[in-house]
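J.: sequence unknown, structure follows:
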């Protein structure tokens, strides 16, 4: 998709995370004037301030952001919606469409005895402090409460900030943990202890200092309707700890939504039209973690694409943001043969050695080396060949049970019907002036037919001949074995 000429339309994007930057990218390429408003000093949202460098190096984030902004997108930082400007002010400034991509950047809080102690931290706040370069030093024994991806990042970051013993405790059983499977595997690989099906009852302290946490057994996380409603059993366990980090979730800051606003809030998230992602205010759209449970970066990118398409249509465009980035070579019509293909193992990506990981925030997943990449490429079965194969049109499998009720569904018009036995072997192919009438005549007293089908065709005699010829080519004989036998049947 080549950038289009200036349309003269102005769009405001609130939030410079992956959803906001994606929408800005496509809207600018469609010719609209775009300005991004960001509450923090630098753009990037959770990519910059929340995701640890060992998982997503900051150098990559900054390069991607710079490439987007260089398209000519305006950026205003340290500007918070509801504090420094409002939606009405944006409209008065000539912005014809607004995309709210404010993310979910608040730590979800809970009332827990002892949570106000000095050595009790909140998950996202802890990650922000580390990413902002503050000198965060943790004590030896840290317990992380939570089982999601944020809790995983908190636990692994804690090891890099001086903790020598880290334990995760979560309500969910191992198979129910909301964290990605590969993230949990990495936690275990880094020797973090995971306690599943345990929830926090209270934080234990002495003289104002954290001494541990008392846990209570969790019998189930969801109720019968599938809603989050934990139930607990009689089990109790106490763990010694020097610090507790509560990482039980995240939520968007929607304080900018005024009382009685047309923007609807349900369960702490903005309600949008599922097709257009428009809010209750015409021309105001929302997407990303502010409208759904927090997901991966790719989910936010998808939300930004959807918003860009809807906004372009609102401004008079066609909403088509698809682009061809390169012209692929013609597909080979054959796969060829690779001996022993089924026994070729998947190549394992390189990782930073465990002994080196906790010394800093170097990226852990290093990908494949050149030799590993070549070996992995030999396992390719050219699955993209399917994209060049036309759709195979098969005859409809519309067999009906041989009942008077089903015969009543047939039309009283010209057409061809087929009669089949219990084994679905064709007994008769016949073209008639009145399909229903002819079937009813055959129905009385006939116990050899079990199935039938039909099709309307004004040239029924020609269609009958075609179907019979096809049957002869496939089976080398007439349907039912021959005309003499059919005379006995019908």
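T.: Looks like it arrived, so ask away. None of the values given here were measured: they were computed from a predicted structure. Numbers count the residues shown, from 1 in each chain.
J.: would you map the helices across the stretch 351-490 of the chain?
T.: 354-357, 370-377, 404-407, 435-443, 460-475, 483-489 (DSSP state H, counting those that start in this stretch).
J.: with the stretch 201-350 of the chain instead?
T.: Using DSSP H, counting those that start in this stretch, helices in the stretch 201-350 of the chain cover 297-314.
J.: just for it, where's the confidence low?
T.: For the stretch 201-350 of the chain, applying pLDDT under 70 flags the ranges 333-338.
J.: can you give me the strands for it?
T.: 209-222, 228-240, 243-246, 250-251, 265-266, 269-270, 284-286, 350-351 (DSSP state E, counting those that start in this stretch).
J.: dump those strands into TSV; add distance to residue 116 and mean neighbour count as well.
T.: For the C-beta atoms, the positions are set from N, CA and C on the backbone; glycine is no exception. Formatted as TSV, those follow (distance: least, CB to CB, whole Å; neighbours: other CB atoms under 10 Å):
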stretch	distance to residue 116	mean neighbour count
strand 209-222	11	18
strand 228-240	20	12
strand 243-246	11	26
strand 250-251	19	20
strand 265-266	27	10
strand 269-270	27	21
strand 284-286	33	26
strand 350-351	39	14
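J.: make TSV out of those strands and add distance to residue 104.
T.: Output for the strands of the stretch 201-350 of the chain, formatted as TSV (distance: least, CB to CB, whole Å):
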stretch	distance to residue 104
strand 209-222	20
strand 228-240	16
strand 243-246	16
strand 250-251	4
strand 265-266	13
strand 269-270	8
strand 284-286	12
strand 350-351	29
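J.: re earlier: weakest of the helices of the stretch 351-490 of the chain by average pLDDT?
T.: Note on the helices of the stretch 351-490 of the chain: lowest mean pLDDT is at helix 483-489, with a mean of 43.
J.: for residue 70, list the residues it contacts.
T.: Applying CB atoms under 8 Å, 6 or more residues apart in numbering to residue 70 gives no contacts.
J.: do you know how far it is from residue 313?
T.: Separation of residue 70 from residue 313 (CB to CB, to the nearest Å) stands at 26 Å.
J.: right, and the helix or strand after the helix or strand encompassing residue 185?
T.: Element membership of residue 185, judged by DSSP states H and E, is helix 181-189. Going down the chain from helix 181-189, the next helix or strand is strand 193-195, by DSSP H and E.
J.: that following strand - contacts with which helices or strands?
T.: strand 165-169, helix 181-189 (3 or more CB pairs under 8 Å, 6 or more residues apart in numbering; DSSP states H and E).
J.: point out the most buried one among the ones you listed.
T.: strand 165-169 (a mean of 23; mean count of other CB atoms under 10 Å).
J.: quick check: mean pLDDT of it?
T.: 95.
J.: quick one: strands adjacent to it?
T.: strand 141-145 (parallel), strand 193-195 (parallel) (DSSP bridges).
J.: TSV for those, including mean neighbour count and distance to residue 159?
T.: Shown next, in TSV, are the strands paired with strand 165-169 (neighbours: other CB atoms under 10 Å; distance: least, CB to CB, whole Å):
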stretch	mean neighbour count	distance to residue 159
strand 141-145	27	9
strand 193-195	16	12
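J.: for the ones you listed, which one sits closest to residue 269?
T.: In terms of CB to CB, the element of these nearest to residue 269 is strand 141-145, at 22.7 Å.
J.: residues making contact with that closest one?
T.: Residues outside strand 141-145 that contact it (CB under 8 Å, 6+ apart) are 123, 151, 154-155, 158, 163-170, 200, 212-213, 239-248.
J.: how many other residues sit next to residue 296?
T.: 11 (other CB atoms under 10 Å).
J.: now do it against residue 78, distance only.
T.: Counting by CB to CB - residue 296 and residue 78 are separated by 28 Å.
J.: then residue 473?
T.: From residue 473 to residue 78 the distance is 77 Å (CB to CB).
J.: between these two, point out the one with more neighbours.
T.: residue 78 (11 against 8).
J.: does the more buried one belong to a helix, a strand or coil?
T.: Three-state assignment for residue 78 (DSSP: H, G, I helix; E, B strand; the rest coil): coil.
J.: mind checking how far the residue lying closest to it once chain neighbours are set aside is from residue 34?
T.: Distances taken as CB to CB, 6 or more residues apart in numbering put residue 41 closest to residue 78, at 6.0 Å, once the chain neighbours are dropped. Separation of residue 41 from residue 34 (CB to CB): 20 Å.
J.: also residue 165?
T.: 48 Å.
J.: residue 122: neighbouring residues, count only.
T.: Burial measure for residue 122: 21 neighbouring residues, criterion other CB under 10 Å.
J.: okay, and the beta partners of it?
T.: Residues in beta-bridge contact with residue 122 (DSSP bridges): residue 246.
J.: who touches the spatially most central residue of the chain in this structure?
T.: When CA atoms, centre = their mean is applied to the chain, the residue found nearest the centroid is residue 299 (5.5 Å). With contacts defined as CB under 8 Å, 6+ apart, residue 299 is in contact with 288, 292.
J.: how about a cut-off of 10 Å?
T.: 18, 19, 287, 288, 289, 292, 293 (CB atoms under 10 Å, 6 or more residues apart in numbering).
J.: wait, the second one sits on residue 296?
T.: No - with the criterion set as CB atoms under 10 Å, residue 19 and residue 296 do not qualify as a contacting pair; they are 11.8 Å apart.
J.: what do the two both touch?
T.: In contact with both residue 19 and residue 296: residue 302, using CB under 10 Å, 6+ apart.
J.: neighbour count: residue 41 and residue 34, which is higher?
T.: Per other CB under 10 Å, whichever of residue 41 and residue 34 has more neighbours is residue 34, with 28 against 10.
J.: that one and residue 7, how far apart?
T.: From residue 34 to residue 7 the distance is 11 Å (CB to CB).
J.: any shared contact partners between the two?
T.: residue 27.
J.: quick check: residue 311 vs residue 69, distance?
T.: 19 Å.
J.: which of the two has more neighbours?
T.: Between residue 311 and residue 69, residue 311 has the larger neighbour count (other CB under 10 Å), namely 29 against 18.
J.: hey, what's the closest residue to the more buried one other than its chain neighbours bridged with?
T.: Distance criterion CB to CB, 6+ apart; nearest residue to residue 311, sequence neighbours excluded, is residue 97 at 4.5 Å. According to DSSP bridges, the residues that bridge with residue 97 are residue 11.
J.: care to break this protein down by domain?
T.: The record's domain parsing of the chain by automatic domain parsing lists 10-104+252-314, 107-250, 341-388, 400-489.
J.: mind putting the ones you listed in TSV, distance to residue 321 included?
T.: Listed next are the domains of the chain as TSV, based on distance: least, CB to CB, whole Å:
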stretch	distance to residue 321
domain 10-104+252-314	5
domain 107-250	28
domain 341-388	20
domain 400-489	42
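J.: any idea which of these is most buried?
T.: domain 10-104+252-314 (a mean of 19).
J.: how long is that one from one end to the other?
T.: Separation of the first and last residues of domain 10-104+252-314 by CA to CA, to the nearest Å is 12 Å.
J.: shouldn't residue 53 be in contact with residue 160?
T.: Yes - in this structure, residue 53 is within contact of residue 160 by CB under 10 Å, at 9.5 Å.
J.: list the contacts of the closest residue to residue 240 other than its chain neighbours.
T.: Nearest-residue entry for residue 240: residue 212, 4.5 Å, with adjacent residues in sequence omitted and distances by CB to CB, 6+ apart. Going by CB under 10 Å, 6+ apart, residue 212 touches 114, 141, 143, 202-206, 238-242, 244.
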